[in-house]
Structures are given as C-alpha cells and as structure tokens.
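> just to be clear, the model below is a prediction. Sequence and coordinates:
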Amino acid sequence: MKQNRLRILVVAFCCNVLCLMACAQEHTANEKKLAIANAISNGTVLLNNQDGIIPLKSLEKKNIAAVSLSFAYSAVFDSLANKYDKITSFSADSYKDSVNLNDLEDDLKYFNTILISIDDQNVSKAKYINFINSISKNKQVIISFFGNGPGLKSFDLLKSPIIWTPQNNADAAAVVPQYIFGGIAAVNKLTTAFSARYTMGAGFVTTATRLKYTVPEDAGINSNNLKEIDAIASEAITQKATPGMVVLVAKDGKVIFNKAYGTHTYDTNVPDKVTDIFDLASVTKVTATTPAVMRLFEEGKLKLDTNIGAYIPKARTTPMNNIQVREVMLHQAGFIRYIPFHDYIKTGDYSRDSSAAYPTKVADNYYIKKGFFKDFMWPKMLNSPIKTRGKYVYSDISMYVMKDIVEHISEEPLNQYTYENFYKPLGMQTAGFLPRNRFKPEQIIPTEDDKYFRKTLLVGYVHDQGAALAGGVSGHAGLFASANDLAIIYQMLLNRGTYGGVEYFKDTTVDMFTSKQSNVSRRGLGFDRWDPDSTKHYPSDLASPQTYGHTGYTGTCVWVDPSRGLVYIFLSNRVNPTVTDKLSNLKIRGRIQDVVNKAIDDSKK
C-alpha cells in the first residue's frame, strides 16, 4: 500500500516537474518571440502616408485583395490581415503564363484595395514594378516591402503607402499587416537615405486603433500563468462537459491568447479551430440587440422611458402596452421567462420540403408554415401575462420585444441593421444571423443532435427553438460568430465606443448601458454584470465589480473587465450531442476566467 502511494507521489512529482519545465520553455520562447517582434517593429517605417491611408479606415467600403509578388511568407501575411477584415489572396506565381500580369490585374477588377507584398529579391523585376504602377492608377494600393532598403528606389515614382521592414521572414510577415490595420502604431523614421524620395528622416507616425495579435509577455503577463487554461479545457472535454471550445483573451487591446481545444463532436476527429463559428445563444442579446438599442437611443430615436405601445402598434391592446422600454432592458417588465413554442406545433404546421405554404427554414428538412410567427407566436407573446413587474425575472420575451422595437424605428430587419452598422464596418467577418447562407457547414460548430423537435443535427441553424421558428433571426438568440469577431466588438466597448478610428458610441452611452442600472438586480441595460452577492461567485471568484457581459445557453460567454483591461471570450457547444449541465457544474468558464484574472493581477505585483 505504502509502495503504491509512494509510486503515485513520485509520478505526480515528475508530472509537475515536466509541466514546470514545459511552462518555463514556453515563457522563454515567448520572450524570444516578443524580442524578435519588437526588433522588427523598431526597424519598420511607414512611407508615403501623406493622405493618412494607414491605418485603413471605413472597412465597410473596402473590398480587399492581398497580392503576393513571389513573397515567400504570404500565407503568414494573409492570415494576420484576415483577422482584421476579409482578405482574398492572390499570388503572381499562379500566373506564370502571363508575361505582364494583365490576367492578374483583370482578376482584381472587383477589389478596390490591394495589399501587395514583395521582397528585395523580386523588387527589381520589371514585370512586378509595371504591375504595381499599372494597378495603382485606379485602385488603392498598399505596398509591404520586406528586405534591404536600397530596394525602395524601385518605388520612387509611387505615391501609394509603403510599409518597409529590413527583415524578410515569417515573423516580419506577421507584424507588417498589423501596421496596415492599426494593430501596431508606426513611429519610426528612416535612418539612412535610400533615394532622392526616401531620405533620412522620412517616415509617418500613426496611432494604434485596432487589436494587436501578440504573446502574453507583450502585455506583461507570464505565459506560465496561463498554462492552467489547457488543463481546465482538457478536464471539460474528458468529463464530457463539451466536445470542444475556443478561448480568447485580450488584454489592453492585445490578443494574447487564442486557442482551440477538442473536436466538433465527440464522435468525430475534426478539431476545433480558432476561426470556427459558434451559435452564441443569449450572447446575441448584447452583441446584436443591445448595440442596436444603444445606437437608436444615442440618435434620440428610442427613449428608455417611453412605453412599448408607442413603438409597437400591435402591443397597444395588450398587457404590454404601458410597460417602459427601460423595464424591458432590465428584465423587470414582468414577462414570463419563455414560451416553449415548439410544444405547440401540430401536424400540418411544418413540412419536410419548402414551398410557398412552408417558406421558413427551421433546420435541414424542416420548414414551418407561412405566418407561424406573425399569426401565432407574436400574438401569444404580446398577450402573455404580466406577473412580476418590477422584479428581476430573466426573460427571452424581452428581447423579442426589443427586436421589434428596433425594427420599427430603424425600418430595417435586425440582422441587416447590425451588419451594416456594426459588423461590416468593424471588420467582423463571421458575425451574423443565418450563417448557412454565407458559410460552409464545416466552418460551423454543430450544436444539439435534436431528437425531439427537428430530429436532425443542428449545424448553422439556431439551437433556440423559438428563434428557429421565427426564421433564425431573433433578439434573444440566432447570432453566430467566431471568437475573434467577438473580441473586436467587445474591444470597441472596452474602448468606450471607439475602434479603428471610428466612434460607434459616445463613452457616456457605453458607461450607462454596461454599468449597474437596477435597484433590484445586478443588471445593466441589456448587459449582465458581476453579482455583488459573494456567495454566487458570478461570473467568477475573482471577477471585479466592473465586469459586464453575458452568457449563452449553448455554452458561451463574453466578459469585459475594464479594471483589468480585459476581454475574455469562451465559446463551446456544450449542448452537443444533448443538453448537459456539466460545463456549469464544473465551473469551467469561471475557472478559466480566474486563471486569466490571477495572471493579470500577478503581473502587477
């Protein structure tokens, strides 16, 4: 018995030693990575930016192509650029038959912004310089030039912005795109004259306006202190709390951790990727509906102390009429929690094929009859009993109501309004409703294997039954996104309304909606918040009183902690293959959040 115990202790000790060694190696490796990245940044110079093109603005007006002119590290360059906006990649090497690259230029006809990467081994090729000069006549061209400075002479006649780095390697390819989009600020000047145009002292200064992608050490955090995230993620998968997950951490505007774990489902070996798209469930409330409300409030079109009936004509003869918008946003309107609409479906209400009579797609091979939402669901909600007005009762009906109010005022569907006003201009590529209309199923994480209602594996169709029956676009659920997209919009909120050089909200609007606004609950307006009841440890043991965000039924959460400069995102499909409470019972989301909180706090000591 003693021998067994001794053996266990020895094994445990060895595991701990190996773990500490691995941690130490990661920290050392990241310090080296950071030193290399900083050396690259210290030598990188922005030229020809007299028109302030860099960092790029107005992404909603841009259609961007990245063109490699035999640049060896274009895959790295394009991957980083793609974190900021949708980039379509082209390589001159694919046009070997084209002596003058006219075919490449022809293929770029639909793009108005061209990011060209070239190095000093190729900059003297007449074919490439002629191509650059030709395409820059009618398109916005940005040159990323890697290698020795004398090669800058080739661009003496060019007015387009140039980001030059003396380094020509994969590390430089990961740094330079961040200058283009404002993840890193340009600060350097040329220390040598390379031509009559590019003289000593030339160079433009910019400010950082978007997320930077880097290592924890860049934010003063030791990578060792984040290793426990791996262990907690592994525990979640082993314990069948969720088949996979993506965790993202941004600190002070820097993405310092973004990792995928596990697989799409338990019975597949398809690994989760950081670019995968998840069903956000109730995170929809604060990523779609609430920002729309904030914008309309700021424009003076929506008033929080006006009653529902003023905005929704159908509500005027219902119990909802006199309830104020503020009560709805605080979940104090007295609405019942939810209505299980799928339980009301009868034979004849749905079809396995689409037709004029069954136009609304609810899932693969499942279509609901025309008018089901308008004629049945919406009246049932509007006439539902008001039982607990003035008390805090979290209700999905609240955000059905707010969606309708937003659509009445904006005169646009919620999915269109949020895309035009937030997701597209912010550079969020995956965020939106109805992802199957835009993405391959392989990019979307499968949620529940629905045996009860739709009788199919749900891939890209919203898990929430009510939102599905409403056609996939709802105020309380239906939004899908990747972790990076969420990082962008919540960094904007952490910045108190600005991102990419654009003001999306006044700082006072962000402060108001995200701070405690209720006398009877912890809530902000739309946003969930830290709970002052210390027995609840919500959202985590170490979360600060400033923390705001939301969780989602599918196993998601996003939390912003202004006191720590933190954006924390956790995405999973814990309802696959079927609903389980293990993610909550094991406190996976909160424990990971506290690893991050502690790492930040330790960095200040």
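Received it, and whenever you're ready, just let me know what you need.
> hang on, residue 305 in a strand?
No. Counting by DSSP: H, G, I helix; E, B strand; the rest coil, one finds residue 305 to be coil, located in no strand.
> can you give me the strands in the stretch 301-450 of the chain?
In order along the chain, the stretch 301-450 of the chain carries the following strands (DSSP state E, counting those that start in this stretch): 350-351, 360-363, 366-368, 449-450.
> quick one: residue 532 from residue 563, how far?
When C-beta to C-beta, to the nearest Å is applied, the distance between residue 532 and residue 563 equals 15 Å. C-beta here means a position set from N, CA and C on the backbone, and glycine is covered the same way.
> ok, which of the strands of the stretch 301-450 of the chain comes nearest residue 179?
Ranking these by distance to residue 179, with C-beta to C-beta as the measure, places strand 360-363 first at 43.1 Å.
> low pLDDT regions in this structure?
Low-confidence regions of the chain, defined here as pLDDT under 70, cover residues 1-24.
> which residues touch stretch 364-383?
Contacts of stretch 364-383 with the rest of the structure, by C-beta atoms under 8 Å, 6 or more residues apart in numbering, involve 312, 314-315, 318-320, 339, 341, 344-345, 348-362, 397, 400-401, 404, 454-456, 459, 461, 466, 469-471.
> coming back round to it: between the strands of the stretch 301-450 of the chain, which gets nearest to residue 513?
strand 360-363 (32.0 Å).
> what is the closest one packed up against?
The elements that strand 360-363 packs onto, with contact taken as 3 or more C-beta pairs under 8 Å, 6 or more residues apart in numbering; DSSP states H and E, are strand 366-368, helix 465-469.
> will you turn those into JSON lines that also has mean neighbour count and distance to residue 179?
Formatted as JSON lines, the entries for these read as follows, by neighbours: other C-beta atoms under 10 Å; distance: least, C-beta to C-beta, whole Å:
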{"stretch": "strand 366-368", "mean neighbour count": "22", "distance to residue 179": "48"}
{"stretch": "helix 465-469", "mean neighbour count": "24", "distance to residue 179": "40"}
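> quick one: those as TSV, columns for distance to residue 135 too.
TSV is the format used below for the helices and strands packed on strand 360-363 (distance: least, C-beta to C-beta, whole Å):
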stretch	distance to residue 135
strand 366-368	47
helix 465-469	45
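> residue 211 is nearest to which of the ones you listed?
Between residue 211 and the helices and strands packed on strand 360-363, the tightest spacing by C-beta to C-beta is seen for helix 465-469, at 29.2 Å.
> could you point out which element follows that closest one?
Tracing the chain C-terminally past helix 465-469 and defining elements by DSSP states H and E, one meets strand 480-481 next.
> can you give me the strands for the stretch 451-600 of the chain?
In chain order, the stretch 451-600 of the chain shows strands spanning 456-457, 480-481, 498-499, 502-503, 528-529, 548-552, 556-561, 566-572, with DSSP E, counting those that start in this stretch as the criterion.
> and of those strands, who's closest to residue 514?
strand 548-552 (4.3 Å).
> buried ones in stretch 100-111, by neighbour count?
Within stretch 100-111, the residues that count as buried by 16 or more other C-beta atoms under 10 Å are 101, 104, 105, 107, 108, 111.
> residue 84: which of these is nearest?
Here the nearest of the buried residues of stretch 100-111 to residue 84, counting by C-beta to C-beta, is residue 111; it sits at 15.6 Å.
> can I get the strands of the stretch 451-600 of the chain in TSV with mean neighbour count and distance to residue 259?
As requested, those are exported to TSV (neighbours: other C-beta under 10 Å; distance: least, C-beta to C-beta, whole Å):
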stretch	mean neighbour count	distance to residue 259
strand 456-457	17	25
strand 480-481	28	17
strand 498-499	20	23
strand 502-503	14	29
strand 528-529	25	25
strand 548-552	25	19
strand 556-561	26	16
strand 566-572	28	11
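> with distance to residue 516 as new columns, can these be given to me in JSON lines?
Below are these laid out as JSON lines (distance: least, C-beta to C-beta, whole Å):
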{"stretch": "strand 456-457", "distance to residue 516": "40"}
{"stretch": "strand 480-481", "distance to residue 516": "27"}
{"stretch": "strand 498-499", "distance to residue 516": "23"}
{"stretch": "strand 502-503", "distance to residue 516": "24"}
{"stretch": "strand 528-529", "distance to residue 516": "6"}
{"stretch": "strand 548-552", "distance to residue 516": "9"}
{"stretch": "strand 556-561", "distance to residue 516": "14"}
{"stretch": "strand 566-572", "distance to residue 516": "19"}
